[in-house]
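[1] Structural data only, the sequence is not supplied:
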């Protein structure tokens, strides 16, 4: 509850992006994951005209001189793998295994939000759950 209060009620946001960033940073702190986060609109990156949904990731990765882009598996249907290959960027998809944990509802309901995991698991247990994944190319 402290997490939800902190993110939703004790902070003010001028846009949805600020709320998203705050919730990601606080989630990582709760779990014990360190990271460096940047917001695209504040990075002053020059990217090409976006003509397809997968081009945001492509152009940002290129602008940052990256050579790998990892996305959740739900995006596989609209990412053009050849477009990434021709730009020398390896396109990968991260698929979580989501081991069962006790949800106190009588059965395990897979694929709920990180908030559900945070309600029922400690930080080190959450890290173990999240570290169980495979990379799809």
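    Thanks, I have it. Since the structure is predicted, the reported quantities are computational estimates derived from the model, not experimental observations.
[2] all contacts plus neighbour counts: C-alpha atoms, from now on.
    Noted.
[3] Tell me the buried residues in the longest strand belonging to the chain?
    For the chain, the strand with the greatest residue count under DSSP state E is strand 90-96. The neighbour-count check on strand 90-96 (16 or more other Cα atoms under 10 Å) flags 90, 91, 92, 93, 96 as buried.
[4] what's it in contact with?
    With Cα atoms under 8 Å, 6 or more residues apart in numbering as the test, strand 90-96 has contacts from 67-73, 76, 81, 84-85, 130, 132-137.
[5] Check stretch 105-125 too.
    The contact list for stretch 105-125 (Cα under 8 Å, 6+ apart) reads 30, 31, 32, 98, 100, 101, 102, 103, 126.
[6] ok, which stretches of this protein are helices?
    Here the chain has its helices, by DSSP state H, at 2-4, 16-31, 55-63, 81-86, 114-120, 123-130.
[7] Out of the ones you listed, which one sits most buried?
    Mean neighbour count (mean count of other Cα atoms under 10 Å) peaks for helix 55-63 among the helices of the chain, with a mean of 18.
[8] Which neighbouring elements make contact with it?
    Counting by 3 or more Cα pairs under 8 Å, 6 or more residues apart in numbering; DSSP states H and E, the packing neighbours recorded for helix 55-63 are strand 68-71.
[9] Partner strands of the strand it packs on, with direction?
    Applying DSSP bridges, strand 68-71 is found paired with strand 90-96 (parallel).
[10] now the strand it pairs with, how far from the chain's geometric center?
    With Cα atoms, centre = their mean, to the nearest Å as the basis, strand 90-96 stands 12 Å off its chain's centre.
[11] How about stretch 113-130?
    Distance of stretch 113-130 from the chain centroid (Cα atoms, centre = their mean) equals 15 Å.
[12] Pull up the distance across it, start to finish.
    End-to-end distance of stretch 113-130 (Cα to Cα, to the nearest Å): 12 Å.
[13] cool, stretch 123-137 as well?
    29 Å.
[14] Let me see the mean pLDDT of that stretch.
    Computed over stretch 123-137, the mean pLDDT rounds to 88.
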